[in-house]
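>>> below are the sequence and a predicted model; questions follow.
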Amino acid sequence: MDNLMMLRCKGMVRIDGNDFPEDLYYHKDHMWVKVEGGNVRVGYNDWAQEAAGKIVNISTRKVGRSAKAGKTLGTVESGKWVGPLRTPLSGEVVELNAEVQKNPSIINEDPYNRGWIAVLKPENLDAEIGDLIKGSDKEALEAWLSEEKAKHAK
Amino acid sequence: MEQWRLLDLGHCEPYVAQTFYEAVAEAVHRGLSPRTLILLQPSASYACLGYHQDLEKELDVDFIEEAGLTIIRRSQGGGATYLDRDQVFYQVVFGESEAIPRDVGRLFERLLSVTVEAYRRLGVPAEFKPLNDVVVGGRKISGNGAGMHESATILVGNLILDLDYDLMARVLRVPDEKFRDKMAKSMREWVSTLRRELENPPSADEVKEVYAAAFQEVLGVELVRGEPTEEEWGIFEEETRPRHMSREWLYMEAPATQRREGRAVKIAHDVKVLEVDHKAGKLIRVRAETRGDEVLSVQLRGDFFAIPKESVNRLEEMLAGVRLDEDAVRDRVDSFYRDTDVQIPGIGASDFATAIMKLRGLV
């Protein structure tokens, strides 16, 4: 609940109907990242969940497994489409959202709160966080998203 | 005009038929291959599992092995199915294209409009049914799946010349033979073929030709016949085929969503055949055919007994057409108890309602 409250109080960037909370970081392959002390909580952003449609299956690396940034963290299936979830920061999976594993359409309903996917223990947070887009940098967010949309909408 | 390579692979053994396009996608991703349309027919029958499905829950592995069929887990979503030479496959692989959007919904709509056009040219009044179905008179007549391979987008689907409904029902894992009969009947009702729709069905070559022409005209692109490259065969032999043949891939652990209670087989678009158990004072086993959240028909079995015995048939009739909404289901069950004076020791109206509502978790 405190996550939810925090998001409501803090700023939200809204781009063409999709939300991008200001206090998060965004990986170009559509994962959001929330820094929580030494760990990061990650999920699928609002635009990506909407583009995918209702998510019916999710599979992820197990707790204890590691992945490099940009490599596959797991897969999601919506309707009859299967797409990758990319690891936004190199690190080890320390926790998975059991609710989302059982009922992945929570990602569609609430991508930034109840729909979180995993908590990672990053190997190199300070160096890699700079590769992500800051939610407070609205211009960079818009530039990246409009490029993504151009790819998808032709 | 945007150019696409057309690969007509003729008849292919199951691994090539079902996975060679992944090698093409890898080559497209590496910048080695152009955007490509593959057309082919499998040369042998096989069972094909959806990417996230549990092998042993979905397929009757013993039967399939005895029959000498291959099992392949595809990289695309959807459900387990049976495929054979009476189908023409189209496999669309691209990195960037001006003609096709990558957004999932629009990708399906655009490419399935090619399938619809091909069927119409063959004389079948097919229609696109959102999100990802092609139907004729409400019956499914093409199966489709999509996915990403690195930076490449893939859409695969089929044009169905003929279908062995019984074998299709036979390869799937079912609780018992009655369930299988219900499933086969449902498939006959909801899945059609060129042979069923047309007096003089076309040959596979004709179907390919018509599809290729529709692809060019609907998408406004030009197809140029080509051959698979050495790099593509190399990727296929060294990476794609070994991965698909490995036990790790075939027996991949299914996600939690696939470990739900009960059995569900998707027949076509939103039609499913389902079975759930509810343990009340006695066991209630519910078997149903559903369309979306509407119950088309239902059978109630278990170790309970009703006096008079036939009254359960009456309840089954009363439940046909009901929406899986708690109040609606409860209403029908209550009026059954009110109208029939039935006695069922160990089971009350709320038990039947709960049992029926369990279907909701599977539709």
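Cool, the structure landed. Residues are numbered from 1 along each chain as shown, chains lettered A, B, ... in the order given.

>>> for chain A, what lies in contact range of chain B?
Within chain A, the positions adjacent to chain B are A:51-53, A:56-59, A:75, A:77-84, A:98, A:101-104, A:151-154 by C-beta under 8 Å from any C-beta of the partner chain. Every residue, glycine included, has its C-beta placed from N, CA and C.

>>> are any of these buried, and which?
Among the residues of chain A next to chain B, those scoring as buried are A:51-53, A:56-59, A:75, A:77-84, A:101, A:103-104, A:151 (criterion: 16 or more other C-beta atoms under 10 Å in any protein chain shown).

>>> top helix in chain A by residue count?
Secondary structure of chain A per DSSP state H: the longest helix is helix A:138-153.

>>> now do it, average pLDDT.
Averaged across helix A:138-153, pLDDT comes to 86.

>>> that helix packs against which elements?
strand A:12-15, helix A:46-52, strand A:133-134 (3 or more C-beta pairs under 8 Å, 6 or more residues apart in numbering or on different chains; DSSP states H and E).

>>> count of neighbours near residue 97?
In the absence of a named chain, chain A is used. Residues near A:Asn97, counting by other C-beta atoms under 10 Å in any protein chain shown, number 21.

>>> wait, chain B
18.

>>> related to what we said a few turns ago, what residues does the longest helix of chain A touch?
Contact with helix A:138-153 is made by A:13, A:15-16, A:18, A:20, A:26, A:28, A:30, A:47, A:51, A:133-135, B:96, B:101-103, B:106, as judged by C-beta atoms under 8 Å, 6 or more residues apart in numbering or on different chains.

>>> narrow the buried ones among the residues of chain A next to chain B to those in helices?
Among those, the subset assigned to helices under DSSP H consists of A:Ala51, A:Ala52, A:Gln101, A:Lys151.

>>> in a helix, that's where B:Val174 is, yeah?
No - looking at B:Val174 with DSSP: H, G, I helix; E, B strand; the rest coil, it is coil, so not inside a helix.

>>> that one and B:Met183 touch, don't they?
Yes - under the criterion of C-beta atoms under 8 Å, B:Val174 makes contact with B:Met183 at 6.6 Å.

>>> please say which of these two ends up with more neighbours.
Taking other C-beta under 10 Å, B:Val174 and B:Met183 do not tie; B:Met183 has more neighbours (22 against 19).

>>> so which strand or helix has the more buried one?
Using DSSP states H and E, B:Met183 falls within helix B:177-190.

>>> could you check the pLDDT of A:Gln49?
We have a pLDDT of 94 for A:Gln49.

>>> cool, and B:Asp334?
Note for B:Asp334: predicted pLDDT of 95.

>>> what do you get for B:Asp351?
Here the pLDDT value assigned to B:Asp351 is 96.

>>> which element is it on?
Assigned by DSSP H and E, B:Asp351 falls within helix B:349-357.

>>> neighbouring contacts of that helix?
Here helix B:349-357 makes contact (C-beta under 8 Å, 6+ apart) with B:276-278, B:280-281, B:284, B:286, B:288, B:295, B:298, B:300, B:315, B:319, B:322, B:324, B:326, B:329-330, B:333-334, B:336-337.

>>> who's in contact with the nearest residue to B:Asp277 once chain neighbours are set aside?
In this structure, B:Asp277 finds its nearest non-sequential neighbour in B:Arg285, 5.3 Å apart by C-beta to C-beta, 6 or more residues apart in numbering or on different chains. B:Arg285 is in contact with B:Glu275, B:Val276, B:Asp277, B:Leu300, B:Arg301, B:Gly302, counting by C-beta under 8 Å, 6+ apart.

>>> need phi/psi at the last one.
Phi and psi for B:Gly302, reported as degrees, to the nearest 10, are phi 150, psi -170.

>>> what's the weakest-modelled helix or strand in chain A?
The helix or strand of chain A with the poorest confidence is helix A:2-9; it has a mean of 45 (mean pLDDT, DSSP states H and E).

>>> stretch B:5-22 and chain A in contact?
No - contact of stretch B:5-22 with chain A (C-beta under 8 Å from any C-beta) is absent, the minimum separation being 11.9 Å.

>>> distance from that stretch to the middle of the chain?
Relative to its parent chain, stretch B:5-22 has a centroid offset of 20 Å by C-alpha atoms, centre = their mean, to the nearest Å.

>>> give me the buried positions along that stretch.
Quick answer for stretch B:5-22 (16+ other C-beta under 10 Å): B:5-9, B:12, B:14-22.

>>> closest to chain A among those?
Nearest to chain A, judged by C-beta to the nearest C-beta, of those is B:Glu22 at 11.9 Å.

>>> contacting residues around the residue nearest to B:Val174 when sequence neighbours are not counted?
Leaving aside its sequence neighbours, B:Val174 sits nearest to B:Arg180 (C-beta to C-beta, 6+ apart; 4.6 Å). B:Arg180 sits next to B:Ala169, B:Arg170, B:Leu172, B:Val174 when contact means C-beta under 8 Å, 6+ apart.

>>> between the residues you listed, which sits nearest chain A?
For chain A, the closest of these turns out to be B:Leu172, at 17.5 Å, with distances computed as C-beta to the nearest C-beta.

>>> just checking, the closest one touches B:Arg263?
No - between B:Leu172 and B:Arg263 no contact is recorded; they are 9.6 Å apart, counting by C-beta under 8 Å.

>>> what about the two, which has more around it?
Counted by other C-beta under 10 Å, B:Leu172 and B:Arg263 do not tie: B:Leu172 has more neighbours, with 23 against 20.

>>> and that one, what does it touch?
B:Glu58, B:Leu59, B:Asp60, B:Ala80, B:Arg180, B:Met183, B:Val265.

>>> pull stretch B:126-145 out as PDB, backbone CA atoms only.
The C-alpha coordinates for stretch B:126-145 follow below in PDB (Å, rounded to 0.1, in the frame of the first residue of the first chain):
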ATOM      1  CA  ALA B 126     -13.800 -15.500 -44.500                       C
ATOM      2  CA  GLU B 127     -13.800 -12.700 -42.000                       C
ATOM      3  CA  PHE B 128     -11.300 -11.300 -39.500                       C
ATOM      4  CA  LYS B 129     -12.400 -11.700 -35.900                       C
ATOM      5  CA  PRO B 130     -10.500  -9.600 -33.400                       C
ATOM      6  CA  LEU B 131      -8.000 -10.100 -31.800                       C
ATOM      7  CA  ASN B 132      -6.400 -12.900 -33.800                       C
ATOM      8  CA  ASP B 133      -8.800 -15.200 -35.600                       C
ATOM      9  CA  VAL B 134     -10.100 -15.800 -39.100                       C
ATOM     10  CA  VAL B 135     -13.600 -17.300 -39.200                       C
ATOM     11  CA  VAL B 136     -16.100 -18.400 -41.800                       C
ATOM     12  CA  GLY B 137     -19.700 -18.600 -40.600                       C
ATOM     13  CA  GLY B 138     -18.400 -18.300 -37.000                       C
ATOM     14  CA  ARG B 139     -16.000 -21.300 -37.500                       C
ATOM     15  CA  LYS B 140     -12.300 -20.900 -37.200                       C
ATOM     16  CA  ILE B 141     -10.400 -21.600 -40.400                       C
ATOM     17  CA  SER B 142      -6.900 -20.500 -39.600                       C
ATOM     18  CA  GLY B 143      -4.600 -20.800 -36.600                       C
ATOM     19  CA  ASN B 144      -2.100 -18.000 -35.900                       C
ATOM     20  CA  GLY B 145       0.600 -17.200 -33.400                       C
END
